[in-house]
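Enquirer: Quick one, structure for this:
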Amino acid sequence: AGDALRVSTRLVDVRDGTTLWSERYERPVRDLFAVQREIGTAVVGALGPRLGLRARVATTTAGTDDPEAFDGFLRGRFAMSFRGADSLQAAIAHLRRALARDPHFARAWASVAEATAFLPLYGGGTWREHGAIVRDAAARALAID
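Expert: As a prediction, this is how the structure comes out:
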């Protein structure tokens, strides 16, 4: 609704239709990723004890709060799925645009390493050409998260 984001969530036991947990969130649209994390954490908190799950420490450094960086990341991952040299080059370009917006986006750095490592397998050059890029991108991802 305009600049406001309204999300209603409900967990239902499908066996008998009872509501296990519900919550309503109203936030500015700019807080979309924060709301996504908040809902995910709440759902895990509600289901965890029922499923025998233990809490684990979640990292927040792997992602991004920049919607355009996240969009570039998703476009890059999609392009990677086609695996040809041209698709991998397109994936790397999308990922680099994401990193230009958020250079601390660990998953994007890891994806650059992955896409670049696939290039020699699909006729996109040699390991000698791309090895340093793969190592550098992987090291950056690990340094961040």
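Enquirer: Could I get the phi/psi values of residue 23?
Expert: Backbone torsions of residue 23, given as degrees, to the nearest 10, read phi -160, psi 150.
Enquirer: ok, what's across the strand from it?
Expert: Using DSSP bridges, the beta-bridge partners of residue 23 come out as residue 9.
Enquirer: now it: how far from residue 86?
Expert: For residue 23, the distance to residue 86 equals 45 Å [C-beta to C-beta, to the nearest Å]. Glycine gets a C-beta too; all of them are placed from N, C-alpha and C.
Enquirer: quick one, helices of the protein?
Expert: In the chain, the segments counted as helices under DSSP state H are 32-51, 67-80, 85-101, 106-118, 127-144.
Enquirer: what's the neighbour count on the nearest residue to residue 10 once chain neighbours are set aside?
Expert: For residue 10, ignoring the flanking residues on the chain, the nearest one in space by C-beta to C-beta, 6 or more residues apart in numbering is residue 22 at 4.1 Å. Around residue 22 sit 11 other residues, with neighbours defined as other C-beta atoms under 10 Å.
Enquirer: Could you do residue 130 as well?
Expert: For residue 130, using other C-beta under 10 Å, the count is 19.
Enquirer: Does it touch residue 120 like I think?
Expert: Yes - between residue 130 and residue 120 there is a contact at 6.3 Å, judged by C-beta atoms under 8 Å.
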